[in-house]
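> Got a predicted model here, sequence first, then my questions.
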Amino acid sequence: MGTFNKSAVNDFIKWASKKGVNLPKEPEKVYELPKLNLKLKEIDKLPSEIGSLHNLTELDLSMNKLSKLPKEIENLTNLKVLNLSRNLFKIFPDELAFLRSLEELEMESNQMESLSSKIGKLKNLKKLNLYYNQLKTLPEEIGMLVHLKELNLSANNLEKVPSAVCNLVDLEKLNLWSNKLTELPPEMAYLEKLEELNIWSNKISDIPDAIKKLPKLKDLDIAVNHSKLNQKLIEAVLKDDVKLVKELIAHGADVNYKWMAYGDTDFTTALFEAKGVDMIKLLLSHNADVHAKREKKGSASILVWESDNAGTGKHETFLTMKHSLEVTKYLKTLKF
């Protein structure tokens, strides 16, 4: 634990104020902060004084313009959760190797082509998210993260998974979709705690039987299962994940797939679940059917002798649904 540097904390408070971050005026209180949210602040350079906040356990720097970190971030030895998603990192910041307490590292949607071997120093990591980067290879040191439970490597350019992955014996979720993999290392059969393995949108034609028979593996999700692919499209729309929706459509997902008996309706489609204008534009550009008609079912009754989920005789389409003001304004500009 570092000592309290009042001058450095004061300087950080002044910097934060210029960025529109509301912090206590008293440096002692700022020094004691366990969590700090600097998300969406147009930050392209983090001040060295960040290293004076020794009590931080969670730091959110997502959706900024960072491409590197100050060396002083090494002083945040109590940090457990760090979010660097949606920044401009082209290389893995080696300074992170000193954050030995780190349990969750989010680096989604950056521009990294490779991962430093120093990643292996973060031996307490339980969750590592590297979704949507440009990774071509993984260092063997990835196998040193023996406490990892979740590893997301989706939407990269990986051609191979290193055999060292067999050391990740606590791994429960492994996402490898949308890479350039042609095979899975047979050593993955040692991952006996693995529950989810997503490998769709690769070039894998065969999966070793030993992996298929992993005792806790619930769902080996691959692109050849079109129903699951189409359902993933609807789930991605629900999360307003435009990038993933584009990927799924590119790999054959049907924007007009009807997921039957969904919720309190006869079915749903991707368009029925779209809430944002960008998502709606994307789906309409792929000929999503705005006229698909479904009957709403009645809400379940408290009285057991009354029929639950009975047909109401009322129908709706995407156009007749209630929408946000922004979406309503957009739909009025269209002609159907």
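Ah, there it is. Numbering: from 1, shown residues only.
> Residue 256 and residue 236: what is the separation?
To residue 236, residue 256 is 15 Å away according to CB to CB, to the nearest Å. Glycine gets a C-beta too; all of them are placed from N, C-alpha and C.
> neighbour count winner among these two?
residue 236 (22 against 14; other CB atoms under 10 Å).
> wait, isn't the more buried one in contact with residue 255?
No: using CB atoms under 8 Å as the test, residue 236 is too far from residue 255 to be in contact (11.4 Å).
> And the chain, what are its domain boundaries?
As assigned by automatic domain parsing, the chain contains the domains 6-224, 227-332.
> Adding mean pLDDT, write the ones you listed out as JSON lines.
Formatted as JSON lines, those follow (pLDDT from 0 to 100):
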{"stretch": "domain 6-224", "mean pLDDT": "94"}
{"stretch": "domain 227-332", "mean pLDDT": "85"}
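> Buried deepest among the ones you listed, which one?
domain 6-224 (a mean of 18; mean count of other CB atoms under 10 Å).
> That one: how far from the chain's middle?
Centroid displacement of domain 6-224 relative to its chain, using CA atoms, centre = their mean, to the nearest Å, is 11 Å.
> again with stretch 261-268
26 Å.
> Straight-line length of that stretch, end to end?
8 Å (CA to CA, to the nearest Å).
> Could you do stretch 147-164 as well?
Stretch 147-164: ends 14 Å apart by CA to CA.
> Check stretch 269-288 too.
With CA to CA as the measure, the ends of stretch 269-288 fall 9 Å from one another.
> who touches it?
Residues outside stretch 269-288 that contact it (CB atoms under 8 Å, 6 or more residues apart in numbering) are 233-234, 237-238, 240, 242, 245-246, 249, 255-259, 265, 289-290, 292, 294, 318, 321, 324, 326-327, 330-331, 334.
> Helices of the chain, start to end?
Assigned by DSSP state H, the chain shows helices spanning 6-18, 27-31, 209-212, 226-238, 242-250, 270-273, 277-285, 325-332.
> so where do the strands sit in the stretch 1-150 of the chain?
Taking DSSP state E, counting those that start in this stretch as the criterion, the stretch 1-150 of the chain contains strands spanning 35-37, 58-60, 81-83, 104-106, 127-129, 150-152.
> The fourth one - contacts with which helices or strands?
So that's strand 104-106. Where contact means 3 or more CB pairs under 8 Å, 6 or more residues apart in numbering; DSSP states H and E, strand 104-106 is packed against strand 81-83, strand 127-129.
> so can I have TSV of the helices of the chain showing distance to residue 146?
Output for the helices of the chain, formatted as TSV (distance: least, CB to CB, whole Å):
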stretch	distance to residue 146
helix 6-18	35
helix 27-31	33
helix 209-212	19
helix 226-238	30
helix 242-250	29
helix 270-273	39
helix 277-285	39
helix 325-332	47
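> To residue 110, which of those lies closest?
Nearest to residue 110, of all the helices of the chain, is helix 242-250, at 13.2 Å by CB to CB.
> ok, residues contacting the closest one?
Contact with helix 242-250 is made by 109, 132, 155, 177-178, 201, 229, 232-233, 236-237, 255, 270, 278-279, 282-283, 286, as judged by CB under 8 Å, 6+ apart.
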